[in-house]
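# predicted model follows, preceded by the sequence.
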Amino acid sequence: MAEFHNLKVADIYKETKDCVVIAFDVPEDLKDKFKYRQGQHLTLRKEFNGKDIRRNYSLCSSPLDNEWKVAVKTIRNGVFSNFAFNELKKGDTLEVMVPHGEFTVDVDVEASNNYIAFAAGSGITPLMSIIKTHLHEEPNSTFKLFYLNRTVKSIIFKEEIEQLKNQFFGRFQVFYFLTKEQRDIPFLNGRFDKEKLAVLTKTFIDIPDTQHAFICGPQDMIYLIRDELEAAGMPKDRIHFELFFTGSSEEENKHIAEVLEQKIEGTRVTIIDGGKEFHFIMDNDFDNILDGALSAGADLPFACKGGVCSTCKCQVLKGSVKMKKNYALADKEVEQNYVLSCQAVPTSDKVVVDFDV
């Protein structure tokens, strides 16, 4: 069941000219439910003109802060982001789902780990939570951040990043890359590309001595960095990423078409959620289990509906499905029959999926 809680906005302020930070007041009786791990996000819900709009925003605060903060960057025609930027104010109430997400690794207080992170623009949001937590909790670990922005003024959390540099001198390094301003060092101008990454992996990053890499930004950037880190020798299972924008390539469109060709009409679906069963027959107007279930009256957790956030993750217990897209689940999860219900096309007469995972 999609369980939302009404939380009051404790504070809201501009971080840059197009980004606001929202802090929520979580009452004592909800703090256990709202415990989170670094790198997780919140799903916010609001009705606009009778339409249920949900958006995921990563927590930029650390679990150590006893705070719940998210950063919202305005985007053109963004219904929720423009509302947050122009209308939302301190004291208002928003519907918020408990924290979730898998963009995180365990903290080990005894570890001497070396971490690296790549971010573009608002992709810094979950990384702030991750960086602060590991630096505080692992006194022998280090972090290097490679952060891409248009200009110096557009750098989100720049002041806080600089404070962390001073606080964790020698353990936290930051390299700013700009696309619309010229830096004194030519290497720091422009976007990440194969040439820059080749220099970074040979000069700035000790790949064999790097335990984990975190990447957050647009799809093309993430895949480029992931592939170059792998090519440099970093194990795939130590490269973690979270997308905040996706598009469909020609290859992905071909895969989607092939999946839809395997769709079975009129599949009988059983949803297990909250220990209860919900039964329905897939309407031919819908190609994925989530939309079919919502249309039939089920109340299920979801947010992006783009295969990115994993809010709608479930496990296939019986029958078979094929996913159109998957940007959120690891290979190991897919092997264990976990799917994103917003992308799960039924390919058998009967399907049973469990949301209690």
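Looks like it came in fine. Numbering: from 1, shown residues only.

# every contact and neighbour count from this point should use C-alpha atoms.
Fine.

# domain assignment for this protein?
Using automatic domain parsing, the domains assigned to the chain come out as 4-97, 114-245, 254-354.

# now the last one: mean pLDDT?
To tie it back to what came earlier, the one meant is domain 254-354. Across domain 254-354, the average pLDDT comes to 93.

# so how far is it from its chain's centroid?
Centroid separation for domain 254-354 versus its chain: 20 Å, with C-alpha atoms, centre = their mean, to the nearest Å.

# quote the end-to-end distance of it.
Start-to-end span of domain 254-354 (C-alpha to C-alpha, to the nearest Å) is 29 Å.

# start the count at 30, not 1, going forward
All right, first residue 30 from here; so that's domain 283-383.

# on that earlier part again, for residue 136, find the nearest of the domains of the chain.
Nearest to residue 136 among those is domain 143-274; the distance by C-alpha to C-alpha comes to 6.5 Å.

# what's the longest strand in the protein?
As assigned by DSSP state E, the longest strand anywhere in the chain is strand 33-45.

# which neighbouring elements make contact with that strand?
In terms of contacts (3 or more C-alpha pairs under 8 Å, 6 or more residues apart in numbering; DSSP states H and E), strand 33-45 is packed against strand 48-54, strand 122-126.

# if we go to 10 Å?
Packing contacts for strand 33-45, counted by 3 or more C-alpha pairs under 10 Å, 6 or more residues apart in numbering; DSSP states H and E, involve strand 48-54, strand 70-77, strand 98-102, helix 108-115, strand 122-126, helix 187-196.

# quick one: buried residues of that strand?
For strand 33-45, burial by neighbour count (16 or more other C-alpha atoms under 10 Å) applies to 34, 35, 36, 37, 38, 39, 41, 44.

# could you check the pLDDT of residue 274?
On the pLDDT scale, residue 274 is placed at 55.

# quickly note the distance from residue 328 to residue 363.
Counting by C-alpha to C-alpha - residue 328 and residue 363 are separated by 24 Å.

# cool, residue 32 as well?
Separation of residue 32 from residue 363 (C-alpha to C-alpha): 25 Å.

# what's the closest of the helices and strands packed on strand 33-45 to residue 301?
Taking the helices and strands packed on strand 33-45 one by one with C-alpha to C-alpha, strand 122-126 is closest: 19.4 Å.

# mind checking how far that closest one is from the chain centre?
18 Å.

# that strand vs strand 48-54, what angle?
With axes from the mean of the first three to the mean of the last three C-alpha atoms, to 10 degrees as the basis, strand 122-126 and strand 48-54 are set at 80 degrees to each other.

# what about the strands in the stretch 180-329 of the chain?
With DSSP state E, counting those that start in this stretch, the ranges of strands along the stretch 180-329 of the chain come out as 201-207, 241-247, 268-274, 297-302, 305-310.

# can you count the residues close to residue 59?
12 (other C-alpha atoms under 10 Å).

# per-residue pLDDT, it?
What the model reports for residue 59 is a pLDDT of 97.

# any idea how far it is from residue 86?
Distance of residue 59 to residue 86, given as C-alpha to C-alpha: 19 Å.

# before we move on, what about residue 305?
Using C-alpha to C-alpha, one obtains 29 Å as the distance from residue 305 to residue 86.
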